[in-house]
Structure formats: C-alpha cells, structure tokens
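Colleague: missing the sequence, but the structure's below:
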C-alpha cells in the first residue's frame, strides 16, 4: 500500500486518500486515467489539471459542417428513450443546493435521440423552483428567443414589450447599422437602422427607424408586395414624398367636365364658363356648380379647355379662350380664333396648358367676345365645350 495511502470504509462509506502532499492517480491497463493533484484539482486525461476539473483528450469532434459524435469528450445521457423527456446541466452560485440559476437542457422530440436544446435562466429571488426557458435551438436549426417553438423562421423572436429586438453599435458611424444582411455574392446588402442617417446621438422621443441598403441606388428592395398602412391609404392612391423625404399617400386628382348649355356672349363681354356635366371627378376638386377647380395640393397640373360656337354674321374680332388662376390670366393661356362669317358653321377654339399651382389656387375658364360686333353663341349640340385636368406630380 505505501505509507501515504489510506483505504478504509466506515459503515456504508469508503474512501481512498493520499495522506501525503502529492498526487493520487487512478487508472487501468497500467496507465493513469484520472489524477487528483495536491491542491485537489481533478484531471481526466491529464496529470496536470489547471482547474478544479480538467478534461484533456486529443479529440476533434468537428467534421466539415457536422459533429463527429465518436470524438466528443463528454456525453450526458438519458437511456429512457421517452419522447418529451430531457436531461441537462445546471449552474448555481449559492450555498443552497436547490438554488439553480441557469440550465442547459436537451429534450428528445423524436426517435434516435433527435430533439431541441433549451437555455433557461432564473430572474427571481424565489427559493428553488423551476427555471423558465428563455431560448430554444430546435432540431431544424431554428432559433427561438421568447418561444420554445421557433417553427416560422430561422430566427423567431417573441417579446412581451414594445421592443422585441434591440441592437446597437459603438462604431460612431453616422449610419449606425443595427441589423445587417449581405447576400453571399455581395450583390445586395440590407439592414434595419435606428438613429441612423446622421440622426441625433440621444434616444429620440419618437420612433426612429430607417431602412438602409449597401447599394448606391437601392435602399428598399422587395421581390414581393410592399404594404404601407398609416390610416390614409386607399384604392388608387399614390405614395409620394415631401421635401424632407417623408412619404404619404396621395389621392389621385383628375376631372373631366362638359357643357350642353347654350350661352350668349355680347360683343366686348366675357364670362366664366361653367361645365356642368361631370364625366369623372377624382378627388372632388372640380365644382360643376361654379366651374371652379380648386388645387388640393401644391404641384404641377395639366389642363385642357375648349368651346364650340354657332356661325355668326361677322368676320371681325376674335373669340378668346383663357385659363385664369385666382382671377388672373395664366401665362400663355389665351387662344384666339377669328369668326369666318355665316358660312363658317360650328367653329371652335381649344387650348391646353401646364401650370404649377399652390394648394388652394382657383382655376377657371374665361370666354370672351373680343370685338366681333354680334353676340357669340355656343352650339346646342350634345357637347359644346369641355374642361379637364389632372395633377402630374
């Protein structure tokens, strides 16, 4: 036995102790397998354990993108082979054995020991008790945070507060990329950015979210449909932006109106034409009772306007058709036609004009009898004149 070795049993207990300040080795086949050195560090596979327990074997458990299970240094097993059963390891920083603060657990979910890996942490000061699972890596490689069933995507995050995912960077860049994606060939890059694009360095009082692309010409790219819902969306509306880049839904503006009412205009007189028959009036900006179009928003508008007249016993003067904005002739708006006498039946005049308007501007059509010498009559046909327009941008 040797002077420094003690082997004894007391009741049902037994012990092997090196009484000297040296190592104790246990093994078989004339070779040590486990060594307890003088400071009570335990080494398995090594005679020089640097920590309380050290396992040291010349193993390589990685093979390509898989694990070579025959090369694993340690295995935790449960031979019950019951689906839904689990085994694992716990972590504690307490003198009370029941106070386990964290755990890693493997759950069998099918045959041949396939299943999910769970991670649990304790967040209360309650004595003992079960520990809630915080994260799960399932058998398909999906990672769930806040859920034990991450079946919808590769990363499935469920949060009980407004913020499910919070990420930041300390790079100091003016574009602080929180979540970054890059296709393997480098063709596309994408990210979700908060406090980016030169934004303030403090947490904003309102939500601050940007979408950033690494390409110089693509910031948002979707192969599917893009849906923007802010309460103002509607059928046929157009998404547009203001000078700051803030997008909003814009109602399409366009109208087409005509008249079958015969009007008489004395020589030297003018009148604002009212086109009462509305073919369409998208956005409701045209008033067929007054003949006034009111620009709902600032922008560029295109207008078309026309009139048809009966023959008159005159070849003097002109019929004049104008477009007015807020009662003032618009630049380049006047179209003039000289009457051709009684032989000139159903003669007409028409014009078109592009205008840049401010919101609230009033647009009307003015018809004038400029020195013809007799009354000017519109035709009694189904349509003796028209007024139409639409917003270009």
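Modeller: Good, I have the coordinates. Worth saying up front: this structure is predicted, and the values here are computed from it rather than measured.

Colleague: quick one, domains of this structure?
Modeller: The chain breaks down by automatic domain parsing into domains covering 5-59, 75-157, 254-391.

Colleague: can you redo these as JSON lines with distance to residue 239 and mean pLDDT?
Modeller: C-betas here are computed from N, CA, C, even on glycine. Shown next, in JSON lines, are the domains of the chain (distance: least, C-beta to C-beta, whole Å; pLDDT from 0 to 100):
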{"stretch": "domain 5-59", "distance to residue 239": "59", "mean pLDDT": "90"}
{"stretch": "domain 75-157", "distance to residue 239": "27", "mean pLDDT": "90"}
{"stretch": "domain 254-391", "distance to residue 239": "14", "mean pLDDT": "92"}
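
Colleague: now, of those domains, which is deepest in the fold?
Modeller: Compared across the domains of the chain, domain 254-391 shows the largest average neighbour count, a mean of 17 (mean count of other C-beta atoms under 10 Å).

Colleague: Quote the end-to-end distance of that domain.
Modeller: One end of domain 254-391 sits 7 Å from the other (C-alpha to C-alpha, to the nearest Å).

Colleague: just how off-centre is that domain within its chain?
Modeller: 47 Å (C-alpha atoms, centre = their mean, to the nearest Å).

Colleague: before we move on, what about stretch 118-133?
Modeller: 35 Å.

Colleague: can you list contacts of that stretch?
Modeller: Stretch 118-133 is touched from outside by 86, 88, 96, 98-107, 134-136, 148, with contacts defined as C-beta atoms under 8 Å, 6 or more residues apart in numbering.

Colleague: circling back to that earlier point, kindly reformat the domains of the chain as a markdown table containing distance to residue 238.
Modeller: A markdown table is the format used below for these (distance: least, C-beta to C-beta, whole Å):
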| stretch | distance to residue 238 |
| --- | --- |
| domain 5-59 | 64 |
| domain 75-157 | 32 |
| domain 254-391 | 9 |
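
Colleague: Nearest approach to residue 248 belongs to which of these?
Modeller: Among these, domain 254-391 comes nearest to residue 248, with 10.2 Å by C-beta to C-beta.

Colleague: confidence score at residue 199?
Modeller: pLDDT for residue 199: 42.

Colleague: how about residue 143, what does it touch?
Modeller: Counting by C-beta under 8 Å, 6+ apart, residue 143 touches 135-137, 150, 154-156.

Colleague: Per-residue pLDDT of residue 216, please?
Modeller: The predicted local confidence for residue 216 is 53.

Colleague: Could you point out which of the domains of the chain sits nearest residue 66?
Modeller: The nearest among the domains of the chain, by C-beta to C-beta, is domain 75-157 at 12.2 Å.

Colleague: Quick check: end-to-end length of that closest one?
Modeller: For domain 75-157, the end-to-end distance is 30 Å (C-alpha to C-alpha).

Colleague: still on that earlier bit, what's the closest of the domains of the chain to residue 247?
Modeller: Once the domains of the chain are compared by C-beta to C-beta, domain 254-391 is nearest, at 14.2 Å.

Colleague: could I get the contacts of residue 143 as TSV with distance to residue 227 and secondary structure?
Modeller: TSV is the format used below for the contacts of residue 143 (distance: C-beta to C-beta, whole Å; DSSP: H, G, I helix; E, B strand; the rest coil):
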residue	distance to residue 227	secondary structure
135	30	strand
136	30	strand
137	32	strand
150	25	coil
154	23	coil
155	22	strand
156	21	strand
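
Colleague: want to throw those into TSV with distance to residue 6?
Modeller: Formatted as TSV, the contacts of residue 143 follow (distance: C-beta to C-beta, whole Å):
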residue	distance to residue 6
135	48
136	49
137	47
150	54
154	58
155	57
156	57
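
Colleague: contact partners of stretch 39-53?
Modeller: The contact list for stretch 39-53, computed with C-beta under 8 Å, 6+ apart, reads 23, 25, 32-37, 54-57.

Colleague: can you tell me which residues contact the closest residue to residue 159 other than its chain neighbours?
Modeller: Take residue 159 and drop its neighbours on the chain: the residue closest to it by C-beta to C-beta, 6 or more residues apart in numbering is residue 146, 5.8 Å away. If you count contacts by C-beta under 8 Å, 6+ apart, residue 146 has them with 134, 157-160, 164.

Colleague: Give me the subset of the contacts of stretch 39-53 lying in strands.
Modeller: Members of the contacts of stretch 39-53 lying in strands (criterion: DSSP state E): 25, 32-36, 54-55.

Colleague: could those go into a markdown table alongside distance to residue 10?
Modeller: Output for these, formatted as a markdown table (distance: C-beta to C-beta, whole Å):
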| residue | distance to residue 10 |
| --- | --- |
| 25 | 24 |
| 32 | 27 |
| 33 | 26 |
| 34 | 23 |
| 35 | 25 |
| 36 | 20 |
| 54 | 30 |
| 55 | 31 |
